[in-house]
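Engineer: I need the structure of the sequence given here:
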Amino acid sequence: MRGMDIELKNVSMKFGDFTAVHPTDLHVKAGEFFSILGPSGCGKTTILRMISGFLHPTTGGIKIGGEEMTGVGPHKRPTALIFQNLALFPLMTVWENVAFGLEMRGWEKTRRREKAFELLDLVALGDQGDKIPDELSGGQRQRVAVARALAVEPAVLLLDEPLSSLDLKLRQHMRSELRDIQRKTGVTFIYITHDQGEALTMSDRIAVMKAGVIEQVDTTDRVYDAPATAFAATFVGANNVFRGKVTSLDADMAVVETKYGALRARNPQNQAVGNKVVLFVRPEKMQVLSAVDGEENSIAVEFERRDLEGPFVNLFFRRGDDVFSAHLVNAGDVAHDPSGQKGLCFAPEDGMILPVGDLADE
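Structural biologist: Sure, this is the predicted structure:
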């Protein structure tokens, strides 16, 4: 199996007066694990269905492996689609489920069975082929669905939130399983999810989507460390948010006057003096102070609560109507008195200034 690239040019999708996907250009490289990340209703599944051929774009065109897909039906495209509902046939054995597409293509039984068990070995289910789906765990059924999709040797595998029905530990396990399968096969994976953890863990690159518009396409590290918009900054990972106006510039830094005083941070998009902006600081970059002691970028806050996550501790502080958080490693010595004033601060290089825009939690 070998992956193909996918190219969308000016692709949009309207349903009556509603625009589900605004005109979009997107290039997915051959053999990469590419995720489209966004909240429910943002248009990510619509893009997947247009690539698969189940929906026809209102405008624009789609190429797969350099070939124009206009007028090419789903069954003739080099794609396979896995839905959230795996739709395994309950009365067929596991291997028969995997080989179903091959049967539709006229393969004789011995050859179908041989190919099915080859794929079951690939997904570590070689000894489960003669069982029925109900005898398998949720994660095993998920791998059967992947094997069935790979049986028809697609160049592109399209996955529409396939892990959302699994419990947390199984989802985490299946992330590594899917990534491993993708690497072994070289098939191009396009993965739809609203779960940032899934996208960051598995993907080579991510497209962050909001209200029918792709806001950013980049590597996982860049999307997390250098979000392009206020929405991307708050949808992918947590952030502390300070609103204000740029008052001065210094090389690639800027000073922002906020209601808590002047704060200095990186200015990657060259916001000018006078611009209204939003300053973001990741919780893991916040430092907790016993009191505000004149350090740069420090604010006084009241301790609110402590949430333990095993190896990590999340500390929450309040200042008026605003809540700020600090994410710390649980070294066994993280103890905070909930009474009295506390302080938070951050290094200027750990803050980032972006134009005003919609936040993910608004």
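
Engineer: Let me see the ranges of the strands in the stretch 101-250 of the chain.
Structural biologist: Here the stretch 101-250 of the chain has its strands, by DSSP state E, counting those that start in this stretch, at 156-160, 188-193, 205-210, 213-219, 240-250.

Engineer: Would you tell me which helix is longest in this structure?
Structural biologist: Longest helix in the chain, counting residues (DSSP state H): helix 168-185.

Engineer: Which strands or helices does that helix pack on?
Structural biologist: Applying 3 or more C-beta pairs under 8 Å, 6 or more residues apart in numbering; DSSP states H and E, one finds that helix 168-185 contacts helix 109-122, helix 138-151, strand 188-193, helix 196-202. C-beta coordinates here come from the backbone N, C-alpha and C atoms, glycine included.

Engineer: which stretch among the ones you listed comes nearest residue 25?
Structural biologist: Nearest of the helices and strands packed on helix 168-185 to residue 25, taken as C-beta to C-beta: strand 188-193 at 15.5 Å.

Engineer: can I get the CA coordinates of the closest one in CSV?
Structural biologist: The C-alpha trace of strand 188-193 is given here as CSV (Å, rounded to 0.1, in the frame of the first residue of the first chain):
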residue,chain,number,x,y,z
THR,A,188,-2.4,8.7,3.9
PHE,A,189,-4.6,9.0,7.0
ILE,A,190,-7.0,11.9,7.3
TYR,A,191,-8.4,11.9,10.8
ILE,A,192,-11.4,13.9,12.0
THR,A,193,-11.6,14.8,15.7
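
Engineer: Partner strands of it and their direction?
Structural biologist: Here strand 188-193 is paired, per DSSP bridges, with strand 33-37 (parallel), strand 156-160 (parallel).

Engineer: Give me the residues contacting the first one.
Structural biologist: Residues from elsewhere that reach strand 33-37, judged by C-beta atoms under 8 Å, 6 or more residues apart in numbering: 28, 44, 47-48, 179, 182, 188-196, 198-199, 202-209, 214, 235-236.

Engineer: Can you name the element that comes right after that strand?
Structural biologist: As assigned by DSSP states H and E, the chain's next helix or strand after strand 33-37 is helix 44-52.

Engineer: hmm, which of the contacts of strand 33-37 are the buried ones?
Structural biologist: For these, a burial check counting by 16 or more other C-beta atoms under 10 Å picks out 28, 44, 47-48, 179, 182, 188-194, 196, 198-199, 202-209, 214, 235-236.

Engineer: Pipe the strands of the stretch 101-250 of the chain into CSV and attach distance to residue 267 per row.
Structural biologist: Formatted as CSV, those follow (distance: least, C-beta to C-beta, whole Å):
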stretch, distance to residue 267
strand 156-160, 38
strand 188-193, 31
strand 205-210, 21
strand 213-219, 18
strand 240-250, 7
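
Engineer: what residue ranges in the stretch 151-300 of the chain are flagged as low confidence?
Structural biologist: The model of the stretch 151-300 of the chain has no residue with pLDDT under 70.

Engineer: Residue 223: how many residues sit nearby?
Structural biologist: By the measure other C-beta atoms under 10 Å, the count of residues near residue 223 is 28.

Engineer: Pull up the gap between it and residue 21, please.
Structural biologist: If you measure residue 223 against residue 21 using C-beta to C-beta, to the nearest Å, the figure is 20 Å.

Engineer: what's the answer for residue 42, then?
Structural biologist: Distance of residue 42 to residue 21, computed by C-beta to C-beta: 9 Å.

Engineer: Overlap of the contact sets of those two?
Structural biologist: residue 212.

Engineer: who has more neighbours, the two?
Structural biologist: Counted by other C-beta under 10 Å, residue 42 and residue 21 do not tie: residue 21 has more neighbours, with 26 against 23.

Engineer: Identify the residues contacting that one.
Structural biologist: Contact analysis of residue 21 by C-beta under 8 Å, 6+ apart lists 11, 12, 13, 43, 46, 47, 50, 212.

Engineer: can those go into CSV with extra columns for distance to residue 262?
Structural biologist: As requested, these are exported to CSV (distance: C-beta to C-beta, whole Å):
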residue, distance to residue 262
11, 45
12, 43
13, 46
43, 40
46, 44
47, 42
50, 48
212, 38
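
Engineer: Identify the bridge partners of residue 244.
Structural biologist: On the basis of DSSP bridges, residue 244 is bridged to residue 258, residue 277.

Engineer: Could you tell me how far it is located from residue 257?
Structural biologist: 5 Å.

Engineer: okay, those two: which has more neighbours?
Structural biologist: Set residue 244 next to residue 257 and count neighbours by other C-beta under 10 Å: residue 244 wins out with 20 against 13.

Engineer: ok, the more buried one touching residue 255?
Structural biologist: No - using C-beta atoms under 8 Å, residue 244 is not in contact with residue 255; the gap is 9.2 Å.

Engineer: Residues that sit against both of these two, list them.
Structural biologist: residue 263.

Engineer: What is the neighbour count of residue 242?
Structural biologist: As a burial measure, residue 242 scores 24 neighbours (other C-beta under 10 Å).

Engineer: since we're on the closest residue to it other than its chain neighbours, how many residues are nearby?
Structural biologist: Counting by C-beta to C-beta, 6 or more residues apart in numbering, residue 279 is the residue found nearest to residue 242 once chain neighbours are left out, at 4.2 Å. Counted by other C-beta under 10 Å, the residues lying close to residue 279 total 25.

Engineer: contacts for the helix or strand hosting residue 279?
Structural biologist: Taking DSSP H and E as the definition, residue 279 sits inside strand 276-281. Strand 276-281 has contacts (C-beta under 8 Å, 6+ apart) with 227, 230, 233-234, 239-246, 254, 256, 258, 263, 265, 271, 346, 350-357, 359.
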